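J.: need a structure here:
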Amino acid sequence: MTECETINAELKSLANPANVAGMARFGIKADNTLGVSMPVLREMAKPYRKNHELAAELWQSGIHEAHILASLIDDPRKVTVDQMEAWTADIDSWDVCDQLCSNLWEKTPYAYAKAVEWSRRDEEFVKRAGFVLMARSVVGGKKRLAPPQMAAIFAEIERGAVDDRNYVKKAVSWALRQIGKSSLELNRQVIATAEKIALIDAPSARWIAADAMRELKSDAVQKRLSARVK
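T.: Alright, predicted model coming up:
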């Protein structure tokens with residue numbers, strides 16, 4: 001058997017229908033899902049790190065957990081824009097979306113550009129990927145984004161706040177909260193953005209603003225950020 005076939009056979013041997021049912025309750029489709037946990041997937045990925053060709057084969061297999069494994073083992077230096085477009089178009093669950101952005105896309109030189117571009121797209125999971133990647137570009141990126149780039153991110157978040165689709169509005173809120181917890185300076189900027197969003201006449205915008213400000217204005221977050229400055 002090929003490495004891909006061996007890995008998929010191991011994944012199938014670890015299938016856990018109870019986990020699949022639990023995942024379905026959190027909005028993860030049961031189709032082609034085996035119920036293998038993230039700690040197990042991370043351990044499985046270790047021997048195959050930076051294997052671009054194997055990652056492509058795993059992605060093509062269509063198994064939910066194989067998609068996550070592909071994001072863990074691919075080599076970001078070999079990722080192309082075409083690959084990013086093709087894989088992101090295939091996403092059909094929020095967890096694959098978030099893992100792909102956090103494990104792989106954020107490490108490519110195209111992260112910021114794709115974050116902004118995808119946030120303007122209509123497809124629900126592509127749009128979600130845009131906002132997840134925005135947060136990861138700010139929080140996980142090796143280089144600090146320039147002020148004009150941050151201004152563009154806040155503008156796109158404000159624009160995206162009117163999208164009432166569940167996986168989009170939750171991603172917009174998550175992006176705000178993650179960015180706002182990264183530094184005291186960004187916390188203030190994010191709260192100002194959330195206050196502007198709260199004034200938008202849309203249910204999703206009001207929910208996003210309330211959800212973000214509840215956490216970002218909390219004593220716990222403010223104390224933690226203030227302690228970092230000191």
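J.: Can you report how many residues lie near L186?
T.: Neighbour count for L186, taken as other Cβ atoms under 10 Å: 19. C-betas here are computed from N, CA, C, even on glycine.
J.: all helices of this structure, in order?
T.: Applying DSSP state H to the chain gives helices spanning 3-13, 17-25, 38-45, 52-61, 64-73, 81-90, 94-103, 111-119, 124-139, 147-160, 166-180, 184-198, 203-216, 219-229.
J.: Of all the ones you listed, which one comes closest to N32?
T.: In terms of Cβ to Cβ, the element of these nearest to N32 is helix 64-73, at 5.3 Å.
J.: who touches V36 in this structure?
T.: Going by Cβ atoms under 8 Å, 6 or more residues apart in numbering, V36 touches 11, 14-16, 19, 65.
J.: Taking the residues you listed together, which two end up most distant?
T.: L11 and N19 (12.4 Å).
J.: who's more crowded, those two?
T.: Legend: neighbour count by other Cβ under 10 Å for L11 and N19, higher for L11 (22 against 16).
J.: any idea of the pLDDT on the more buried one?
T.: pLDDT recorded at L11 is 95.
J.: how far away is it from K29?
T.: Taking Cβ to Cβ, to the nearest Å as the measure, L11 falls 16 Å from K29.
J.: Give me the helix or strand of the chain that scores worst on average pLDDT.
T.: Every helix and strand of the chain was ranked by mean pLDDT, DSSP states H and E. The lowest is helix 17-25, at a mean of 89.
J.: centre of the chain versus that helix, how much separation?
T.: Counting by Cα atoms, centre = their mean, to the nearest Å, helix 17-25 is centred 21 Å from the centre of its parent chain.
J.: Between helix 94-103 and that helix, find me the angle.
T.: Interaxial angle, helix 17-25 versus helix 94-103 (axes from the mean of the first three to the mean of the last three Cα atoms, to 10 degrees): 90 degrees.
J.: what about the chain, any weak spots by pLDDT?
T.: The chain contains residues with pLDDT under 70 at 141-142, 230.
J.: rewinding a little: same list (the contacts of V36) but as a markdown table, adding distance to E123.
T.: Formatted as a markdown table, these follow (distance: Cβ to Cβ, whole Å):
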| residue | distance to E123 |
| --- | --- |
| L11 | 27 |
| L14 | 31 |
| A15 | 29 |
| N16 | 30 |
| N19 | 27 |
| E65 | 23 |
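J.: Specify which member of the residues you listed is nearest to K217.
T.: Taking Cβ to Cβ as the measure, K217 sits nearest to N19 out of the contacts of V36, at 36.0 Å.
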